[in-house]
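1. This is a predicted model, with the sequence first.
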Amino acid sequence: MSNTNKTIYFGTGHRKEAVARVRLVPGSGKSIINGVPGETYLQFSPNYLRISKSPLTSLGLESKYDMFVTATGGGLTGQTEAIRLGLSRALCKINPENRTPLKFEGYLTRDARKVERKKYGLKKARKAPQFSKR
């Protein structure tokens, strides 16, 4: 097995509890997530598919690179957005000039929002028990 002239570009993305390790290989534009075709893994959801490939689409490189992803933790939404961040970081390594358009679209910003912890005396993070006057 010799990949002599195939260069692999790596990028890691995080979102909520999800982590996506993205490998970009020059190819025909297919995406494999956790060993399954990307469309199948993302349940053929047009929204998830659009989000996960948006950095490639904005640069016009959809059919130039194959995407191999290992996604763990969280749910499909978190994993999809983690894939987007990892893909953007990998594209910046391919060509530093890709950074400006990706930054403008907001694809290089790590969404740091996480689930807020539950506080004592409350039912959830902010939901209080029903107030009773008497």
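-> Great, that's in hand. Numbers count the residues shown, from 1 in each chain.
2. chain center to the longest helix along the chain: distance?
-> Ordering each helix of the chain by length in residues (DSSP state H) puts helix 76-94 first. Counting by Cα atoms, centre = their mean, to the nearest Å, helix 76-94 is centred 4 Å from the centre of its parent chain.
3. helices or strands next to whatever helix or strand comes next after that helix in the packing?
-> Note on helix 76-94: by DSSP states H and E, the next helix or strand toward the C-terminus is helix 99-105. Judged by 3 or more Cβ pairs under 8 Å, 6 or more residues apart in numbering; DSSP states H and E, helix 99-105 is in contact with helix 46-59, helix 76-94. (Glycine included, C-beta is placed from N, CA and C.)
4. Comparing the ones you listed, which comes out most buried?
-> helix 76-94 (a mean of 23; mean count of other Cβ atoms under 10 Å).
5. helices or strands up against it?
-> By 3+ Cβ pairs under 8 Å, 6+ apart, helix 76-94 packs against strand 9-15, strand 18-26, helix 46-59, strand 65-72, helix 99-105.
6. if we can go back for a sec, make TSV from the helices and strands packed on helix 99-105 and add mean pLDDT to it.
-> Shown next, in TSV, are those (pLDDT from 0 to 100):
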stretch	mean pLDDT
helix 46-59	92
helix 76-94	93
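7. closest one to G27 among the ones you listed?
-> Of all the helices and strands packed on helix 99-105, it is helix 46-59 that lies closest to G27, at 11.8 Å by Cβ to Cβ.
8. how about that closest one as PDB, C-alpha atoms only?
-> Below are the C-alpha coordinates for helix 46-59, written out as PDB (Å, rounded to 0.1, in the frame of the first residue of the first chain):
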ATOM      1  CA  PRO A  46     -29.900  18.200   3.500                       C
ATOM      2  CA  ASN A  47     -29.200  20.700   6.300                       C
ATOM      3  CA  TYR A  48     -26.500  18.500   7.900                       C
ATOM      4  CA  LEU A  49     -24.900  17.700   4.600                       C
ATOM      5  CA  ARG A  50     -24.900  21.400   3.600                       C
ATOM      6  CA  ILE A  51     -23.300  22.500   6.900                       C
ATOM      7  CA  SER A  52     -20.700  19.700   6.900                       C
ATOM      8  CA  LYS A  53     -19.500  20.600   3.300                       C
ATOM      9  CA  SER A  54     -20.000  24.400   3.400                       C
ATOM     10  CA  PRO A  55     -16.300  25.300   3.700                       C
ATOM     11  CA  LEU A  56     -15.500  23.300   0.500                       C
ATOM     12  CA  THR A  57     -18.500  24.800  -1.200                       C
ATOM     13  CA  SER A  58     -17.600  28.400  -0.400                       C
ATOM     14  CA  LEU A  59     -14.100  27.800  -1.800                       C
END
